[in-house]
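In: Below are the sequence and a predicted model; questions follow.
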Amino acid sequence: EAIMVGELANRMAERVADVVKALMQNGMMVTQNQTIDADTAELIVEEFGHRIVRVSDSDVEQVITTSEDKPEDMKPRAPVITIMGHVDHGKTSLLDAIRNAKVVAGEAGGITQHIGAYQVETEAGQKLTFLDTPGHAAFTSMRSRGAQVTDIVVLVVAADDSVMPQTVEAINHAKAAGVPMIVAINKIDKPAADPDKVRAGLLQHEVIVEKMSGEVQDVEVSAHTGQGLDELLESIALQAEILELKANPDRNAEGAVIEAQLDVGRGPVATVLVQKGTLHQGDIFVVGEQWGKVRAMENDRGERVKIAGPSVPVEVLGLNGTPEAGDVLNVVETEAQAREIAEYRAQAAKDKRAAAGAATTLEQLMQKAKDDKDVTELPILVKADVQGSAEAIVQAMEKIGNEEVRVRVLHSGVGAITESDIGLAEASGAPVFGFNVRANAPARQSANQKGVEIRYYSVIYDLVDDVKAAAEGLLSAEI
Ligand code: GDP
């Protein structure tokens with residue numbers, strides 16, 4: 001197991017330069033983006049007078065070491081699905097339809113409550129977990145906080161409308177995250193439905209569905225009539241099978257916060273999706289900068305439960321504060337430990353904010369690339385005033401670089417730079433280029449907070465030149 005020098009410094013809340021110096025004194029010439037092994041890291045940690053606080057015996061987070069789960073302990077788990085797509089194409093309707101169709105009538109607590117995620121079962125008995133917050137804002141903000149929760153994206157496209165800007169955004173988000181997609185062609189009940197037009201539209205964005213001899217599953221559905229719903233669930237189950245999703249249920253739980261709020265009567269409440277291990281009532285945990293002890297848990301049907309295993313969403317009571325969506329929950333051994341880690345993180349976050357703006361400017365990307373021989377891609381986002389310009393820019397970008405370095409356009413689109421663009425940029429460490437467009441106010445604010453660089457241009461040449469210079473910086477770093 002290894003850790004990056006910069007990351008180690010960050011976790012100890014020490015200056016990177018001091019850590020590099022200490023390593024040199026131990027005969028190791030490394031830069032901040034190089035990794036060192038756990039033994040060396042432990043030595044350094046002790047030299048700096050820190051103690052290694054492990055989140056649990058088998059766990060990563062707080063400090064360095066992580067023991068992998070043994071293959072024989074890994075058991076199949078349900079896939080976690082996020083529904084994305086353009087506004088009004090039926091994401092919410094589809095989520096509701098799936099939930100309503102699959103909740104057994106008359107079952108205790110048959111009416112589901114909204115906790116941010118729910119689980120259903122296919123005819124064949126395969127469990128599927130759906131995140132109940134449609135759209136890519138939640139998806140990206142979770143990812144930028146380090147929580148990769150989604151296993152499969154269901155891309156909803158209305159059959160009477162076809163591919164729209166947010167459809168393209170969703171495709172790019174899924175691609176950037178490396179999450180497989182299934183296309184749900186919705187509103188198939190409508191007289192104006194033209195599913196082949198949807199398929200052709202997707203083709204233009206390099207999403208080749210099965211009906212067009214590609215590999216992306218596509219299913220015609222109607223959230224209104226229920227047509228195709230079972231088929232969609234089977235497709236998801238099939239995709240999940242291919243992914244061979246597994247987790248070790250017999251270890252201290254680790255999970256991600258899907259939603260959290262301060263409830264007047266109950267105090268801070270968080271919906272946690274367990275990702276590894278099993279969460280028990282009474283477990284002590286740390287979650288982001290908060291900690292707590294599981295006082296009670298409720299499942300998506302509002303029933304009290306005492307345990308929750310991998311891929312199961314539960315509402316957790318017993319927190320000392322309200323965490324944020326995307327925060328990771330780890331079960332620890334003692335309350336003292338939980339408190340210590342939470343305080344450490346709160347301090348580290350404060351320090352990080354103090355050193356703000358430290359994220360992703362073009363210069364920093366170049367510097368990073370110089371330090372780190374592995375960075376061979378320059379990720380960028382492009383927004384332009386008209387489709388023609390956007391296309392011209394993307395084409396020019398694709399010509400920059402060689403086998404060692406290339407520019408990767410994560411997303412390009414027409415219109416103002418939005419919060420969603422900033423979210424994607426942050427998650428992938430990319431700057432955003434605006435060509436004859438500006439960022440709207442929320443996007444500007446979000447970019448400031450997250451330290452995402454926005455650059456404005458009105459001449460394509462200038463834009464291309466700047467990116468070329470950055471790419472050349474990467475190239476020369478390779479030599
Ligand atoms: P979202 O913005 O993607 O969450 O879309 P909604 O679920 O809110 O749906 C937008 C509109 O499309 C609503 O008026 C729905 O009633 C309608 N709608 C959604 N699914 C279907 C469908 O399968 N068939 C028809 N005819 N209308 C649908």
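Out: Right, received. Where do you want to start?
In: just the helices in the stretch 151-300 of the chain please.
Out: Under the criterion DSSP state H, counting those that start in this stretch, helices of the stretch 151-300 of the chain are mapped to 165-177, 195-203, 229-243.
In: would you list these in JSON lines and tack on distance to residue 294 and mean neighbour count?
Out: All C-beta spots, glycine's among them, are computed from the backbone N, C-alpha and C. Below are these laid out as JSON lines (distance: least, CB to CB, whole Å; neighbours: other CB atoms under 10 Å):
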{"stretch": "helix 165-177", "distance to residue 294": "29", "mean neighbour count": "21"}
{"stretch": "helix 195-203", "distance to residue 294": "43", "mean neighbour count": "19"}
{"stretch": "helix 229-243", "distance to residue 294": "28", "mean neighbour count": "18"}
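In: Nearest to the ligand, out of those helices?
Out: Among the helices of the stretch 151-300 of the chain, helix 165-177 comes nearest to the ligand, with 9.0 Å by CB to the nearest ligand atom.
In: which secondary structure elements does that closest one contact?
Out: strand 80-85, helix 136-144, strand 152-158, strand 406-414, helix 419-428 (3 or more CB pairs under 8 Å, 6 or more residues apart in numbering; DSSP states H and E).
In: I'd like the helices of the stretch 151-300 of the chain laid out as JSON lines, including distance to residue 76 and mean pLDDT.
Out: As requested, the helices of the stretch 151-300 of the chain are exported to JSON lines (distance: least, CB to CB, whole Å; pLDDT from 0 to 100):
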{"stretch": "helix 165-177", "distance to residue 76": "22", "mean pLDDT": "89"}
{"stretch": "helix 195-203", "distance to residue 76": "30", "mean pLDDT": "96"}
{"stretch": "helix 229-243", "distance to residue 76": "9", "mean pLDDT": "95"}
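In: any idea how far residue 172 lies from residue 309?
Out: Residue 172 is 33 Å from residue 309, where distance means CB to CB, to the nearest Å.
In: what sits against residue 123?
Out: When contacts are counted by CB atoms under 8 Å, 6 or more residues apart in numbering, residue 123 touches 230, 233, 234.
In: pretty sure residue 231 contacts residue 219?
Out: Yes. In this structure, residue 231 is within contact of residue 219 by CB atoms under 8 Å, at 5.2 Å.
In: Just give the closest residue to residue 249, not the sequence neighbours.
Out: Closest residue to residue 249 apart from its sequence neighbours, by CB to CB, 6 or more residues apart in numbering: residue 309 at 4.7 Å.
In: I figured that neighbour was touching residue 274, is that so?
Out: Yes. Residue 309 is within contact range of residue 274, at 6.2 Å (criterion: CB under 8 Å).
In: Compare those two and say which is more crowded by neighbours.
Out: Neighbour tally, residue 309 and residue 274, criterion other CB atoms under 10 Å: the higher count belongs to residue 274, 25 against 18.
In: Verify the stated contact: the more buried one with residue 257.
Out: No. The pair residue 274 / residue 257 is not scored as a contact, 11.2 Å apart, by CB under 8 Å.
In: show me where pLDDT drops low in the stretch 301-450 of the chain?
Out: Scanning the stretch 301-450 of the chain for pLDDT under 70 picks out the ranges 351-375, 402-404.
In: In it, what residue lies closest to the ligand?
Out: For the stretch 301-450 of the chain and the ligand, the shortest gap (CB to the nearest ligand atom) falls at residue 420, measuring 14.3 Å.
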